[in-house]
Every structure is written in C-alpha cells, then in structure tokens.
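Colleague: Sequence plus the predicted model coming up.
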Amino acid sequence: MNQDDIRREKERWEEETVARFVARRPERRPTFETSSHIPVDRLYTPADVEVDYLNDLGFPGEYPYTRGVYPTMYRGRFWTMRQYAGYATAEESNRRYKFLLEQGQMGLSVAFDLPTQLGLDADDPLAEGEVGKVGVSISSLRDMEILFDGIPLEKVSTSMTINAPAAVLWAMYIAVAKKQGADIRNLRGTIQNDILKEYLARGTYIFPPEPSMRLVTNTFEFAHKYVPKWNPISISGYHIREAGSTAVQEVAFTFANAIAYVNAALKAGLAVDDFAPRLSFFFNAHNNLLEEIAKFRAARRLWARIMRERFGAQDPRSAMLRFHTQTAGSTLTAQQPENNIVRVAIQALAAVLGGTQSLHTNAMDEALALPTEKSAQIALRTQQIIAYESGVADTIDPLAGSYFIEHLTNEIEHRAQAYIQKIDDLGGALRAIETGYMQNEIQQAAYEEQLAIERGEKKVVGVNIFTSDETPDIELLRIDESVAERQRERLRELRATRDNEAVRRTLAALRTAAQRDDVNLMPYILDAVEAYATTGEICNTLREVWGEYEPAVIF
C-alpha cells in the first residue's frame with residue numbers, strides 16, 4: 001500500500017469507529033444552562049468529541065492557542081514562579097522578598113494591606129486596625145524605596161495586586177526604578193488594575209466607574225508610550241471564583257469585563273493592537289484537576305476568537321491569552337491545615353497542565369493567617385518539584401486529544417460564550433454589574449456549593465469527612481500592633497521633611513487635570529509621587545473631583 005492508500009484506510013477506520021461509538025451511546029442532552037455545573041458521564045469516547053483539529057486545536061503558539069500561547073511552552077522555559085507576599089512594614093516585606101528570591105523564586109508579587117488598597121494612608125482613622133495586616137503598608141514613595149531596597153527593578157519582574165489606586169502605586173514603582181538609574185522602558189511586570197471585578201466580587205473600589213475606567217485606559221496609553229514591556233492590567237477571574245463562582249462563570253465574567261476594558265480603550269482613541277498585546281489575565285486553580293485544565297484551554301481559545309472576530313485584532317499577540325494563576329484560597333481549610341499542601345499541589349498541577357505563564361502556590365496555613373517563612377518555602381517547593389521532578393513539563397500540552405479533556409474544553413467554551421451573549425444583551429459588563437446580574441449568579445453558585453457541603457454531597461476531607469477533634473499544632477505569623485505606630489511615625493517624619501510646597505503644587509495640577517476628560521493623569525500622578533505626596537493625599541485629591549462609589553443595594 002502506498003501513502004495515499006494508508007491515509008484513506010485510516011480515515012475509513014476512524015469514521016467507522018466513531019459511528020460505532022455513536023450507535024452504542026444513548027442520545028446526549030446538549031445542556032448549556034448557564035448556572036449549573038457541567039454534568040460528567042462515566043465514560044468518554046470519540047463520539048463525545050466534536051473538534052476541528054485545524055481550527056479548534058492547531059499547534060501551540062498558533063491561533064486559536066488552545067494548546068498554548070508559545071510554540072515551545074515549558075520546553076523553552078518554565079512558567080514564572082511568583083509567590084504573592086507582603087506584610088507589616090516595607091522593611092519586613094523586603095526581607096521576605098530577598099528570602100524568596102534566594103530560594104529560587106523567579107519574580108516578585110506584592111500584597112498590599114487594606115488601607116493601601118483603599119487609597120488610605122496608615123495614619124488615616126479609617127485605617128485603624130488594618131495597617132500591615134493582609135499585606136504591606138505603602139503610604140509614600142519612601143515606603144516603596146525601602147520595599148525594593150537592594151532589588152534591581154530593571155532585572156526582576158514584579159506583579160502588584162492593586163486596583164483602585166493602581167496608577168498611584170505603579171507611579172511609585174516607576175519612580176523607584178528611575179532613582180535606581182533604570183531605563184523604565186525595560187521594566188517588566190503587571191499591575192492588577194482591574195476595577196470592574198472590585199465592583200463585582202471583591203469590594204476595594206474608591207471612585208465611580210467612569211473615572212475609574214479612565215484611570216485604567218490612562219495606564220494603557222502610558223504603558224504603550226513609555227513602559228512597553230509592562231502589563232498595565234491583569235483582568236482577574238481569581239476573585240470571581242473566590243466569591244463562589246463556577247469555572248464557567250469565572251471565564252465568562254472575566255471576559256465580559258475584558259471586553260468592557262477593550263471597548264473603553266477604543267473609545268479613548270487607542271488602537272486595539274497598541275494595547276491588546278499587553279493585556280494579561282489572572283485565573284484561579286481549584287481541586288477538580290481535569291475541569292481546571294480544560295478551563296484554561298477553553299479560555300485561550302475563546303479569548304483568541306473574541307479578539308480576532310469581535311475586535312478585528314491583527315497582531316497575533318493581541319489574541320494570546322497570557323495569564324497568571326493562583327491556587328484557590330477558598331478551598332483551604334482551617335481544619336487539618338497540612339491537607340492543604342496536597343490541595344495546593346493538585347491545583348498547581350492543573351495550572352501547569354493547563355499552560356499557565358506564571359504561578360503562585362498558596363501556603364498551608366493561609367486559612368488561619370498570613371504564611372510563615374517555612375510554609376511559604378513549602379509552597380514554592382511545590383512548584384519546583386512539579387517543574388523538575390514530575391515530567392509534566394517535558395512535552396507541550398500533554399493531555400490534548402483526551403476525549404474527556406476535549407469534551408470539557410468544548411463545553412466550557414460554549415457555556416462561557418452563552419453567558420457573554422447574555423451579558424451583551426443586558427448592555428455589557430458594567431450594566432450587568434449595576435443590575436446585579438453577575439453578582440446574583442455568583443451568589444447562587446456559592447449558595448449551591450455550600451448546601452452541597454452541608455448535606456455531605458460534596459466531600460471535603462477534614463471538614464465533613466475524615467474529621468478530627470485535634471487542634472492544629474502549627475506556628476502562625478502574627479502582625480505586631482506596633483507596625484501601625486511605626487508607619488504613622490514615618491509619615492510624621494516625611495511630612496516634616498519633604499518640600500510641602502512642591503506637594504501642594506503637584507496635587508493642585510493633578511486636581512485641575514482630573515477635571516478634564518481629555519488629559520492622561522499618569523504624568524501628574526508621577527509628579528506628585530516624586531514630590532513625596534502620599535497615597536492618601538493623591539487619592540483624596542481625586543475623591544474631591546470624582547467622589548466615591550456607592551454600590552446599589554441589590555436583592
């Protein structure tokens with residue numbers, strides 16, 4: 001037989017095999033109820049998979065990127081191991097960053113405390129009791145200088161989880177890099193800067209939606225012109241999932257928000273291929289290993305199609321879904337916390353098999369407190385063992401072609417697309433948030449999940465199965481209450497020694513610029529930061545112009 005005969009015989013055999021499976025399988029129900037979980041059959045065969053191998057799968061590094069955004073994926077280089085860290089003062093967090101870098105971490109990820117996330121200085125009365133508790137306290141450029149002391153910013157990639165005041169903290173980072181003598185065009189990293197999911201799921205908003213979206217698009221434009229290697233936004237499904245959403249809702253609501261950002265940038269006069277290549281995403285990894293792997297593959301394909309078909313993007317990079325993953329904080333249990341090491345390993349494996357570009361692994365004690373140095377090291381070692389010992393990075397997209405994986409990938413894509421269409425029909429993401437549609441969908445999913453746990457239908461080891469009355473015997477990290485006073489003292493010293501006339505002048509210029517819709521505010525914020533205006537002073541200046549967001553009461 002020649003090659004043509006062999007090919008024809010193979011095609012005939014495949015057709016007959018699929019027909020045989022179809023004949024044996026009862027009629028399937030193609031359900032796409034958007035609020036339900038995906039039903040799982042006992043067995044999957046070729047009859048369950050409708051895949052156009054050229055248009056749905058293709059090769060890694062090629063549209064629609066189902067199999068990965070880079071041709072070589074981890075054969076070229078591992079994902080960035082980026083542990084989320086930050087607590088107490090800038091000095092203490094700086095020591096933790098240096099420790100993690102010494103342990104093999106590849107990039108920094110900064111956690112800010114709640115007052116910083118809300119644009120409040122450490123000495124603001126509203127900051128009482130929260131300074132340094134869930135992240136590092138940053139009230140001024142002086143704090144940022146200490147945070148990155150001895151860390152060359154031109155040589156390290158830094159992610160900053162900050163949203164409403166993202167432009168302010170990014171300006172501080174840029175100012176520190178300039179003081180180090182760095183060329184800011186070489187800075188690499190990400191600001192989260194995703195305000196829509198704050199209204200939707202997380203709650204650390206400051207300003208109303210319209211000026212908040214303006215700040216976001218201002219950072220897009222500034223990054224394109226002056227910091228081209230920086231990702232000016234990380235559009236986050238993580239917090240949507242932490243609030244209780246399903247995997248499908250996580251993908252759909254994240255992309256609905258992303259569509260809103262793209263539309264806002266286009267309305268502001270930016271060209272899609274000028275900013276879209278620097279859009280990045282942030283997803284959650286839960287315990288259902290195969291569903292999570294399929295979720296990441298479906299998300300890549302769906303985003304590629306949205307960018308090419310909906311927005312007409314021409315640059316291939318505009319259609320590449322580049323994302324960071326964090327393991328699921330909401331799955332960690334205070335009961336038997338050592339079990340969390342296993343949960344995190346499964347979740348990290350899902351992210352790697354799903355093709356993530358960057359990964360944070362939670363520590364076993366995070367249901368109880370911020371991680372200790374020891375638990376943070378174990379979390380990092382989890383990634384390193386997967387990378388160097390498991391073999392899963394030896395080949396690209398190793399689970400492609402699995403009947404179940406491809407079926408799940410299709411299902412998640414179709415169901416997420418149905419949600420996006422529903423949100424489009426409502427008038428887009430912002431309108432869907434204002435009416436409470438997305439919030440209600442998340443709350444219903446979270447309620448159903450909790451009921452399943454309480455009824456014992458969903459098993460959680462150590463919580464409703466294999467329980468124990470033993471009290472966990474592990475060391476916990478506690479934040480000293482003196483942290484707040486040390487931060488307040490630093491602010492008193494700063495205000496006494498800085499050029500207060502320069503602060504007044506730069507804040508006045510920022511106030512005037514904020515009153516005009518056609519002005520990019522990043523240069524004005526940078527000027528204020530470099531004059532040592534504080535986070536609170538800058539945000540309060542914008543509050544005076546824009547006011548604060550008051551969420552609608554939705555039942």
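Modeller: Okay, I see it.
Colleague: Residue 331 touches residue 346, doesn't it?
Modeller: No. The criterion here is C-beta atoms under 8 Å, and residue 331 misses it with residue 346 at 9.6 Å. The way it works is simple: take the backbone N, C-alpha and C, and place the C-beta from them, glycine included.
Colleague: and for the two, which residues touch both?
Modeller: Shared contacts of residue 331 and residue 346, defined by C-beta atoms under 8 Å, 6 or more residues apart in numbering, are found at residue 287.
Colleague: Report the separation between residue 396 and residue 277.
Modeller: 22 Å (C-beta to C-beta, to the nearest Å).
Colleague: typo on my end, residue 194
Modeller: Taking C-beta to C-beta, one finds residue 194 at 18 Å from residue 277.
Colleague: Can I get stretch 183-198 as PDB, trimmed to CA atoms?
Modeller: What follows is stretch 183-198, C-alpha atoms only, in PDB (Å, rounded to 0.1, in the frame of the first residue of the first chain):
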ATOM      1  CA  ASP A 183      15.500  52.700  31.900                       C
ATOM      2  CA  ILE A 184      11.800  52.400  32.500                       C
ATOM      3  CA  ARG A 185      11.300  51.100  29.000                       C
ATOM      4  CA  ASN A 186      12.900  47.900  30.300                       C
ATOM      5  CA  LEU A 187      10.700  47.500  33.400                       C
ATOM      6  CA  ARG A 188       8.700  44.200  33.400                       C
ATOM      7  CA  GLY A 189       5.700  43.300  35.500                       C
ATOM      8  CA  THR A 190       2.000  43.800  36.000                       C
ATOM      9  CA  ILE A 191      -0.400  46.000  37.900                       C
ATOM     10  CA  GLN A 192      -3.800  44.200  38.600                       C
ATOM     11  CA  ASN A 193      -5.700  47.500  37.900                       C
ATOM     12  CA  ASP A 194      -9.000  45.500  37.300                       C
ATOM     13  CA  ILE A 195     -11.600  47.800  38.800                       C
ATOM     14  CA  LEU A 196     -14.700  46.100  37.400                       C
ATOM     15  CA  LYS A 197     -14.200  42.900  39.400                       C
ATOM     16  CA  GLU A 198     -13.900  45.100  42.500                       C
END
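Colleague: Report the buried residues of it.
Modeller: Of the residues in stretch 183-198, 184, 187-198 count as buried by neighbour count, 16 or more other C-beta atoms under 10 Å.
Colleague: Also stretch 444-452?
Modeller: Under 16+ other C-beta under 10 Å, the buried positions of stretch 444-452 are 445-446, 449.
Colleague: In TSV, list those residues along with secondary structure and distance to residue 268.
Modeller: Below are the buried residues of stretch 444-452 laid out as TSV (DSSP: H, G, I helix; E, B strand; the rest coil; distance: C-beta to C-beta, whole Å):
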residue	secondary structure	distance to residue 268
445	helix	34
446	helix	35
449	helix	39
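Colleague: Any chance of the residues you listed in CSV with pLDDT as columns?
Modeller: Output for the buried residues of stretch 444-452, formatted as CSV (pLDDT from 0 to 100):
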residue, pLDDT
445, 96
446, 96
449, 95
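Colleague: which among the residues you listed gets closest to residue 263?
Modeller: Comparing the buried residues of stretch 444-452 against residue 263 with C-beta to C-beta places residue 445 closest, at 26.3 Å.
Colleague: Please tell me how far the nearest residue to that closest one once chain neighbours are set aside sits from residue 79.
Modeller: Nearest non-adjacent residue to residue 445, counting by C-beta to C-beta, 6 or more residues apart in numbering: residue 246, 5.0 Å away. Taking C-beta to C-beta as the measure, residue 246 falls 25 Å from residue 79.
Colleague: Which one's more surrounded, the two?
Modeller: Neighbours around residue 246 and residue 79, counted as other C-beta atoms under 10 Å, are more numerous at residue 246. The numbers are 27 against 22.
Colleague: helices or strands next to the longest strand along the chain in the packing?
Modeller: With secondary structure taken from DSSP state E, the chain has its longest strand at strand 279-285. Contacts defined by 3 or more C-beta pairs under 8 Å, 6 or more residues apart in numbering; DSSP states H and E place strand 279-285 against strand 233-236, helix 238-242, helix 247-267, helix 289-305, strand 323-327, helix 339-353.
Colleague: what helices or strands is the longest helix along the chain leaning on?
Modeller: When the chain is parsed with DSSP state H, its longest helix is helix 403-426. Helices and strands touching helix 403-426, by 3+ C-beta pairs under 8 Å, 6+ apart, are helix 247-267, helix 289-305, helix 429-434, helix 437-454.
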